[in-house]
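A.B. asks: sequence unknown, structure follows:
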């Protein structure tokens with residue numbers, strides 16, 4: 001069992017880059033494709049609290065459904081927003097990574113470097129060509 005968990009969407013470049021950086025540290029995380037296996041309400045609330053972003057901070061506001069459901073309305077309560085995420089997991093922003101050093105919404109993907117217990121083992125370049133880690137395993 002891994003001590004790192006990533007709530008992952010394989011269709012998301014940021015999520016794929018984050019997963020690759022975890023693996024570049026020599027760790028194999030538990031990968032949870034949250035659209036197939038969404039977190040239960042208690043777990044979602046725990047992830048939100050651990051990430052320290054608040055309910056709105058963990059929502060995917062760029063998702064069309066966010067607008068369609070009127071979730072930008074400041075009158076919407078946290079409970080209503082969580083209800084929306086439970087009904088429509090696509091509204092949960094990703095990737096969320098949990099390690100012994102903390103829980104983060106890894107946007108941008110290199111945020112994961114702050115909570116990985118092991119250093120990078122070598123160079124890492126994102127899918128878009130941006131260098132993030134040099135050959136010595138140091139952040140660029």
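C.D. replies: Received the coordinates, thanks. Since this is a predicted model, take the numbers as computed values, not measurements.

A.B. asks: Please make it C-alpha for all contacts and neighbour counts, starting now.
C.D. replies: Will do.

A.B. asks: Residue 26 against residue 118, yeah?
C.D. replies: Yes: Residue 26 lies in contact with residue 118 (Cα atoms under 8 Å); the separation is 7.4 Å.

A.B. asks: In the protein, what residue spans correspond to strands?
C.D. replies: Assigned by DSSP state E, the chain shows strands spanning 5-8, 30-33, 96-99, 102-105, 124-125, 131-133.

A.B. asks: TSV for the ones you listed, including distance to residue 21?
C.D. replies: As requested, those are exported to TSV (distance: least, Cα to Cα, whole Å):
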stretch	distance to residue 21
strand 5-8	11
strand 30-33	13
strand 96-99	12
strand 102-105	14
strand 124-125	7
strand 131-133	9
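
A.B. asks: would you turn these into TSV with mean pLDDT?
C.D. replies: Output for the strands of the chain, formatted as TSV (pLDDT from 0 to 100):
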stretch	mean pLDDT
strand 5-8	98
strand 30-33	98
strand 96-99	98
strand 102-105	98
strand 124-125	97
strand 131-133	97
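
A.B. asks: distance of the nearest residue to residue 34 once chain neighbours are set aside from residue 86?
C.D. replies: In space, and not counting its chain neighbours, residue 34 is closest to residue 7: 5.6 Å by Cα to Cα, 6 or more residues apart in numbering. Counting by Cα to Cα, to the nearest Å, the gap from residue 7 to residue 86 is 15 Å.

A.B. asks: Residue 119 too?
C.D. replies: 35 Å.

A.B. asks: got it, and residue 111?
C.D. replies: For residue 111, the distance to residue 86 equals 25 Å [Cα to Cα].

A.B. asks: which residues of the chain score low on pLDDT?
C.D. replies: Along the chain, the parts satisfying pLDDT under 70 run over 1.

A.B. asks: quick one, helices of it?
C.D. replies: Assigned by DSSP state H, the helices in the chain fall at 13-24, 41-51, 54-57, 64-68, 78-87.

A.B. asks: Please convert those helices to TSV, extending it with distance to residue 127.
C.D. replies: Listed next are the helices of the chain as TSV, based on distance: least, Cα to Cα, whole Å:
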stretch	distance to residue 127
helix 13-24	7
helix 41-51	25
helix 54-57	25
helix 64-68	25
helix 78-87	28
